[in-house]
Every structure is written in C-alpha cells, then in structure tokens.
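[1] Model the structure of this input:
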Amino acid sequence: MKQNSLTDGFEKFRKRTRKERFLDDMESIIPWAELCEAIGPYYPNPQGAGRRPIGIERMLRIHFLQHWFNLSDPAAEEALYDSRAMRNFVGIDLGEEPVPDETTICKFRHLMEKHNLGGHLFHLVNEYLNENGIKITRGTIVDASIINAPSSTKNKEGKRDPDMHQTKKGNQWYFGMKAHIGVDSKTRLIHSVVATPANVHDSVVIGDLLHGEETRVWGDSAYTGKRDVITDHAPAARDFTNRKGSRYRKLTDEDRAKNRTKSRVRARVEHAFGVMKRQFGFTKVRYKGLEKNAHHLFVSCALVNLVMAKKSLLKLQQA
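    Numbering: from 1, shown residues only. Sure thing, here's the model as predicted:
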C-alpha cells in the first residue's frame with residue numbers, strides 16, 4: 001500500500017517530528033482490518049464499469065486525520081498535499097497518484113453518517129481494547145460538555161441550526177450541542193456516549209451512560225438526586241455524585257469535604273474531554289444538524305480511547 005518517495009534518501013538533516021511519531025503509533029495500534037471489515041458491506045463494489053473506488057482503509061485513514069487535526073473536507077485535501085507525514089500515513093506517493101479530492105472525502109463521510117458507522121466503530125474499538133486486557137471495571141464517572149455551534153443567522157435561511165439549542169452555564173449563555181459520556185473510573189476510557197442539544201440537562205441521560213455492572217457512580221452536582229435512576233440501571237451501584245446545596249439547605253463543612261474527596265475521582269473524566277477538545281480541537285460543531293455531529297462525536301470518542309490506551313497497547317506489542 002505504502003511507497004517510499006525518491007526524496008527519502010536525499011534529506012540528510014531531516015528530523016522526525018511529533019506528528020510523525022504520533023501517526024506511527026496510531027498506525028501500529030489501530031485494528032485496521034476489523035474497522036475496514038465493518039465498513040465493507042456499505043462501500044461501493046470495486047467490480048463493474050466505471051472508475052474503481054479508492055480503498056476503504058485509505059479513506060478511513062483520511063477520515064481519522066480529519067478528527068485528529070480538526071480538518072474540514074477541503075482542508076484535509078490541502079493538508080495531504082502539504083504534509084509528507086500525513087501522506088506517508090495514508091500511503092500516497094505524489095509521484096504516482098494525486099490526493100483524493102475533497103468531494104471524494106466528503107462522500108466517504110456521508111456514507112459513514114448514513115449508516116451510523118461512527119457508533120459501530122466506537123463499539124468495535126472498545127471490544128478491541130477489552131480483548132487486549134484493557135477492560136471496563138465497575139466504576140463509572142458521568143459528565144457532559146458543551147460543544148459550541150455558530151449562533152449567527154447570516155445564512156440563506158436566516159435561522160440558526162434548529163437541532164442546536166442554547167443553555168446557560170454560570171452567567172454565560174452557550175448555543176450548540178452537549179456531549180454526555182460515561183468514563184471508566186480506572187482506565188479513564190469512554191464506554192458510553194450520548195449527544196443531545198445543549199439545553200438538555202446533564203442528569204436526563206444518566207441512565208444511558210451506565211453499563212449496568214457498576215458498584216459506584218461518580219458525577220458532579222448536576223446529577224444530585226438521581227439515586228433512583230442509578231439504581232434502576234445499575235442495581236449494585238452506590239451513588240457517589242456530589243451533593244448540591246440549596247437556598248434552604250446549605251452545604252455543611254462535612255458535605256464539602258466529602259465532595260472534595262469524590263472530586264478526586266470524578267476529575268478523571270476531564271482526561272477524555274481534554275484529549276477531545278484540546279488535542280483534537282473538537283470545541284465547535286463542524287456540520288449542521290445533530291445527527292451528523294453525533295456521528296463525529298462517536299468517531300472522536302473511539303479515537304480518544306485509542307489515544308488514551310496508546311501506551312498500554314504499545315507495551316503489549318513490544319512484549
């Protein structure tokens with residue numbers, strides 16, 4: 001699949017960059033065959049008349065590059081022409097062939113969205129991690145984060161995205177969607193994902209974020225008072241969500257001390273959001289409509305898990 005460029009032997013003082021090291025690691029730990037097999041039944045048949053479609057794995061690699069480096073379809077095409085590291089990862093030699101154009105990249109993304117393959121890839125990645133000994137334990141941390149959407153009405157319809165809504169956090173208003181995740185308290189990997197408009201309260205989907213085998217559930221004060229819901233979905237789970245004070249019942253010093261103790265565990269959920277929003281740059285929605293952005297979220301969560309499990313997977317390969 002991959003070819004060496006003629007320039008490889010002439011760059012005497014070339015340095016291996018962080019991007020190349022990252023892509024080399026991803027190259028070795030991602031189960032390409034299993035992921036491509038999941039997409040195969042929905043991909044165009046290479047036989048018959050007409051131009052042969054580009055290989056599934058090559059398009060999937062480009063799709064993953066878009067998530068890792070926050071690239072639109074046109075930007076992905078430009079980046080592949082610009083970055084040798086990305087071309088090597090995808091397996092493109094400009095001396096032999098051009099980069100897939102933005103229309104081809106867009107069509108592959110639409111195919112993934114149409115068949116909800118993002119959710120399927122997320123579950124396949126988690127199964128792969130489980131098979132490699134990175135297992136989900138009996139503790140879950142639940143949390144949610146707002147992904148901003150454009151609030152401007154300067155468009156053809158003169159309206160904001162109807163699937164997105166606004167919500168108030170503190171003294172500031174936000175418009176967009178909300179990413180709800182359930183994270184394993186030990187491995188810090190995401191095992192459950194739900195996408196909603198931003199005005200849906202965090203606690204509404206707590207039942208969908210539990211796998212059912214929990215013995216403990218952590219969450220911030222937004223999940224206070226959901227003990228019955230937790231028990232319905234995870235009968236053996238103890239409620240370790242933070243207590244919330246009210247106008248008529250202030251938090252005692254003991255309540256605050258317990259909240260601080262719980263928060264030492266609860267804060268681990270921020271590792272997953274940190275990779276998603278700081279490393280991948282997924283702080284704003286890229287597409288219009290909740291369904292497309294939910295697909296983007298599921299693929300991002302699959303890749304977040306692979307990045308967070310990278311050291312463990314590389315050690316297993318070296319053993």
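
[2] roughly how far apart are the residue with the largest distance to the centre of the chain and I30?
    For the chain, the largest distance from the centre (C-alpha atoms, centre = their mean) belongs to Y248, which lies 40.2 Å off. Remark: distance between Y248 and I30 (C-beta to C-beta, to the nearest Å) = 53 Å. The way it works is simple: take the backbone N, C-alpha and C, and place the C-beta from them, glycine included.

[3] what's the answer for F22, then?
    In terms of C-beta to C-beta, F22 sits 12 Å off from I30.

[4] Looking at the record's assignment, how would you partition this protein?
    For the chain, automatic domain parsing gives the domain ranges 6-115, 136-288.

[5] With respect to L306, which of the ones you listed lies nearest?
    domain 6-115 (6.3 Å; C-beta to C-beta).

[6] could you give me the average pLDDT of that closest one?
    With pLDDT averaged residue by residue, domain 6-115 scores 90.

[7] State the helix or strand in which the residue farthest from the centre of the chain lies.
    Assigned by DSSP states H and E, Y248 falls within no helix or strand.

[8] and it, backbone torsions?
    In terms of degrees, to the nearest 10, the main-chain angles of Y248 are phi -100, psi -10.

[9] same check, this time on K250
    phi -80, psi 150.

[10] again with I141
    Main-chain torsions, I141, degrees, to the nearest 10: phi -110, psi 130.

[11] Could you do the one 5 residues further on as well?
    Taking degrees, to the nearest 10, you get phi -80, psi 130 for the backbone angles of I146.

[12] Next, the contact list for it, please.
    T167, K169, Y174, G176, M177, K178, A179, A198 (C-beta atoms under 8 Å, 6 or more residues apart in numbering).

[13] tell me which element R61 falls in.
    Counting by DSSP H and E, the element that carries R61 is helix 56-68.

[14] Outside of the following helix or strand past that helix itself, list whatever touches it.
    Per DSSP H and E, the first helix or strand lying C-terminal to helix 56-68 is helix 73-82. With contacts defined as C-beta under 8 Å, 6+ apart, helix 73-82 is touched by 62, 65-66, 69, 71, 86-87, 90, 92, 94, 99-103, 105-106, 109.

[15] Between helix 56-68 and helix 73-82, find me the angle.
    In terms of direction (axes from the mean of the first three to the mean of the last three C-alpha atoms, to 10 degrees), helix 73-82 departs from helix 56-68 by 110 degrees.
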